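# next one to model:
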Amino acid sequence: MPKPLDIDDFLQGSGPILDVRSPGEYAQGHIPGAVSFPLFSDTERAQVGTCYKQVGRDSAVELGFDIAGPKCGEFIRTARALAPDSQSDPFRHRQLRVHCWRGGMRSGGMGWILELAGFTVYTLAGGYKAYRRWVRETLAIPKPIAILGGMTGSGKTLILQALADLGEPVLDLEALAHHRGSSFGALLLPPQPSTEHYENLLAEQWAKFPLDSQGLTPKGQRPIWLEAESRRVGTCRIPNELFTQMEAAPAIEVVRSLDERLDLLVDIYGEAATAELVDATERIRKRLGGDRTQTAVQHIQIGNLRAACAIILDYYDRAYRHDLERRHRAIPKLDVSGLSPAASARLLVERWPQLCPH
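Below is the predicted model:
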């Protein structure tokens, strides 16, 4: 019989993770790295559920076997491709981790099929529901963080990437959300994950920042760097457990000249389609103002993106200053004008203890 594991042992185990929930459940959110390995399609799952409610458990079980039975051979062949045999030890690489929603019949049934085929199978006690509890508990663990702020176009994301290259702990909220955090933020990026899956991705990264016995990161006083964000990054919502920590964390504002900021924005969005740029500008019409919006759109349509960005930045700069005033606290500034992202990151690491002593 498949052996059930608690969430920590399951996540730290070996072998592919097979998510046997329906494709729709998987798409809504899943354990990062897990393979969609559905016992039932979305339609089949609905049929079994309806049978359970209207007829009873026994009939639903029979229907489940009727549906899944003809698929068993394909389940085994696919699993063998995911966990192939080893030439030296046929069973060495044939371990699988399997889970469903609650750790019930779907994972148990799939585990039974795969064990008959020679796999060693481990199931997740409590299923994906237990994993979601782990996500919330993990994100609630307090850790030393620092917030990197700055006006739009200051190169904060590039500096975060440079910090990571230096070995500093970084949680890139925008990269995981596939969004840059503005009306233009989705341009040239893949579709966003659901908020549920975004939380899963954040928790996976958060768990990778270990703390020592004094509650510090392995680099001692070095914080985990995050970019200043509102509660939403596009359609993704930062979970309260993490956002509360961000609100209380020390912050530093990087400052860059207007010309450099415009250069960076043109470089980022220069490949975007004209229609998409116009749509993104129209979405902030109420805040930008009708005349400014129309002028910015005209610049975009004739290919003068720099002039359009100069108009749009006026709105984002005012919004940024308003947010700073709302927080009622002074934030130290670090001028990085003329510096590359790598040089900015090195300066930030060097100056952080003096700018934000604690």
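# in the lowest-mean-pLDDT helix or strand in the chain, what counts as buried?
Lowest by mean pLDDT, DSSP states H and E among the helices and strands of the chain is helix 305-327, with a mean of 85. Buried positions in helix 305-327, judged by neighbour count with 16 or more other Cβ atoms under 10 Å: 305, 307, 308, 309, 310, 311, 312, 313, 315, 316, 320. Backbone N, C-alpha and C define where each C-beta goes, glycine included.
# quick check: chain neighbours aside, which residue is closest to the fifth one?
Leaving aside its sequence neighbours, residue 310 sits nearest to residue 262 (Cβ to Cβ, 6 or more residues apart in numbering; 6.1 Å).
# that neighbour: neighbour count?
Neighbourhood size, residue 262 [other Cβ atoms under 10 Å]: 18.
# name the element it belongs to?
Taking DSSP states H and E as the criterion, residue 262 maps to helix 258-269.
# list the buried residues in the next helix or strand after that helix.
Sequence order places helix 274-282 as the next helix or strand after helix 258-269, per DSSP H and E. Of all the residues in helix 274-282, those buried under the rule 16+ other Cβ under 10 Å are 277, 278, 280, 281.
# quick check, the first one in contact with residue 184.
Yes - applying Cβ atoms under 8 Å, one finds residue 277 in contact with residue 184, separated by 7.3 Å.
# between the two, what contacts are shared?
Counting by Cβ atoms under 8 Å, 6 or more residues apart in numbering, the residues touching both residue 277 and residue 184 are residue 269.
# contacts for stretch 65-77?
With contact meaning Cβ under 8 Å, 6+ apart, stretch 65-77 is reached by 37, 39, 40, 44, 47, 48, 109, 110, 113, 114, 117.
# go with 10 Å
Stretch 65-77 has contacts (Cβ atoms under 10 Å, 6 or more residues apart in numbering) with 18, 20, 37-41, 43-45, 47-48, 78, 106, 109-110, 113-114, 116-119.
# the most centrally placed residue in the chain sits in which helix or strand?
Geometric centre of the chain, nearest residue: residue 176, 3.4 Å, by Cα atoms, centre = their mean. For residue 176, the host element (DSSP H and E) is helix 173-177.
# packing partners for that helix?
Helices and strands touching helix 173-177, by 3 or more Cβ pairs under 10 Å, 6 or more residues apart in numbering; DSSP states H and E, are helix 156-165, helix 195-206, strand 224-227, strand 232-233, strand 236-237, helix 240-248.
# what mean pLDDT does that helix have?
Averaging pLDDT along helix 173-177 yields 97.
# follow-up on the earlier one: nearest to residue 342, of the helices and strands packed on helix 173-177?
Minimum separation from residue 342 across those (Cβ to Cβ) falls at helix 156-165, 4.7 Å.
# for that closest one, the distance to its chain's centre please.
Centroid displacement of helix 156-165 relative to its chain, using Cα atoms, centre = their mean, to the nearest Å, is 17 Å.
# residues in contact with it?
146, 148-150, 155, 168-175, 180-181, 222, 225-228, 253-254, 256, 264, 268, 334, 336, 339-349.
# from these, which would you call buried?
Buried members of these, counted by 16+ other Cβ under 10 Å: 146, 148-150, 155, 168-175, 180-181, 222, 225-228, 253-254, 256, 264, 268, 334, 336, 339, 341, 344-345, 347-349.
# ranges for the strands of the stretch 51-200 of the chain?
With DSSP state E, counting those that start in this stretch as the criterion, the stretch 51-200 of the chain has strands at 95-99, 120-124, 145-149, 170-171.
# which residues of the protein score low on pLDDT?
Applying pLDDT under 70 to the chain flags residues 86-93, 212-221, 325, 327-328, 357-358.
# can I get the buried residues of helix 305-327 in a markdown table with distance to residue 356?
Shown next, in a markdown table, are the buried residues of helix 305-327 (distance: Cβ to Cβ, whole Å):
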| residue | distance to residue 356 |
| --- | --- |
| 305 | 36 |
| 307 | 37 |
| 308 | 36 |
| 309 | 31 |
| 310 | 32 |
| 311 | 34 |
| 312 | 31 |
| 313 | 27 |
| 315 | 29 |
| 316 | 25 |
| 320 | 19 |
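# out of the strands of the stretch 51-200 of the chain, deepest packed?
Of all the strands of the stretch 51-200 of the chain, strand 95-99 has the most neighbours on average by mean count of other Cβ atoms under 10 Å, namely a mean of 26.
# mind checking how far that strand is from the chain centre?
For strand 95-99 - counting by Cα atoms, centre = their mean - the centre lies 23 Å from the chain centre.
# over to stretch 68-84?
Here stretch 68-84 shows a centroid-to-chain-centroid distance of 30 Å under the convention Cα atoms, centre = their mean.
# then stretch 232-239?
Put simply, stretch 232-239 sits 10 Å off its chain's centre (Cα atoms, centre = their mean).
# what's the answer for stretch 27-36, then?
From the chain centre to the centre of stretch 27-36 is a distance of 12 Å (Cα atoms, centre = their mean).
# circling back: what's the closest non-adjacent residue to the residue nearest to the centre of the chain?
Of all residues not flanking residue 176 in the chain, residue 201 sits nearest, at 4.6 Å (Cβ to Cβ, 6+ apart).
# surely that neighbour meets residue 239?
No - look at residue 201 against residue 239 with Cβ atoms under 10 Å: they stay out of range, at 11.0 Å.
# so what sits against both of those two?
Here residue 201 and residue 239 share the contacting residues residue 135, scored by Cβ under 10 Å, 6+ apart.
# can I see the domain layout of this structure?
Here the domain parsing of the chain from automatic domain parsing is 3-136, 142-355.
# if I pick residue 272, what's in contact with it?
184, 187, 188, 280, 300, 305.
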